[in-house]
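Undergrad: sequence-free structure coming up:
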């Protein structure tokens, strides 16, 4: 049974989000908290929670303080930001600080289902950049992904899952220096300058499917 925590100071919104979560995740157990302190109490009591949905703007917390507090105290629990803001800079900062996803408060149920399933499977979810989600841009990104070797795709997948270089080295049974070289090549080929940008750029693509199709041959 999936266990979800909703953290929001507005009772009506919590009720609406609870209904939406229950509708898209059959049998989900939903807990509620009206602030960060209450959320921490729930997380201390319910050690098996799978995911937290956190309102970005609540009384008593400024900016990303709530996200940082939850990530520091409960790093095992993925936190998805739920916000009325749709500024890409806000989304990027949220991901940089450890959020596992970002969804607008106006999200419809099919997209909410997609977001929750994405995060529950260890991936990062971000909303489309706008109407039609920029098809040409995604095509260009897919072409850049095709330049990655199988090992570089594996490294990218683990970056998206939030693993550090040391953890990636352990998972792939290679040296940390080799991982750093692969990360540099991934960023160069994707034409991004940071791991956070790589996560954001590829968040809407089905990377496991691309890996299954088999990219270009291994090259170093």
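TA: Sure, I can see it. Note that this is a predicted model, so its numbers are computed, not measured.
Undergrad: please make it C-alpha for all contacts and neighbour counts, starting now.
TA: Will do.
Undergrad: now do residue 39: how many residues are near it, please.
TA: 22 (other CA atoms under 10 Å).
Undergrad: any idea how far it is from residue 92?
TA: From residue 39 across to residue 92, the span is 24 Å (CA to CA, to the nearest Å).
Undergrad: equivalent analysis for residue 5, please.
TA: Per CA to CA, residue 5 is found 23 Å from residue 92.
Undergrad: with neighbour numbers in mind, choose between these two.
TA: Just comparing residue 5 and residue 92: by other CA under 10 Å the higher neighbour count belongs to residue 5, 24 against 17.
Undergrad: helix, strand or coil for that one?
TA: Secondary structure, DSSP: H, G, I helix; E, B strand; the rest coil: residue 5 is strand.
Undergrad: bridged to it, which residues?
TA: With DSSP bridges as the criterion, residue 5 is bridged to residue 31, residue 52.
Undergrad: pretty sure residue 176 sits against residue 182.
TA: No. Using CA atoms under 8 Å, residue 176 is not in contact with residue 182; the gap is 9.8 Å.
Undergrad: common neighbours of these two, please.
TA: Residues touching both residue 176 and residue 182 (CA atoms under 8 Å, 6 or more residues apart in numbering): there are none.
Undergrad: who has more neighbours, those two?
TA: The residue with more neighbours, out of residue 176 and residue 182, is residue 182; 21 against 17, by other CA under 10 Å.
Undergrad: how much space is there between the more buried one and residue 154?
TA: 10 Å.
Undergrad: and if you look at residue 184?
TA: Between residue 184 and residue 154 the computed distance is 14 Å (CA to CA).
Undergrad: same deal with residue 146?
TA: Going from residue 146 to residue 154 by CA to CA gives 13 Å.
Undergrad: I appreciate the help and will end here.
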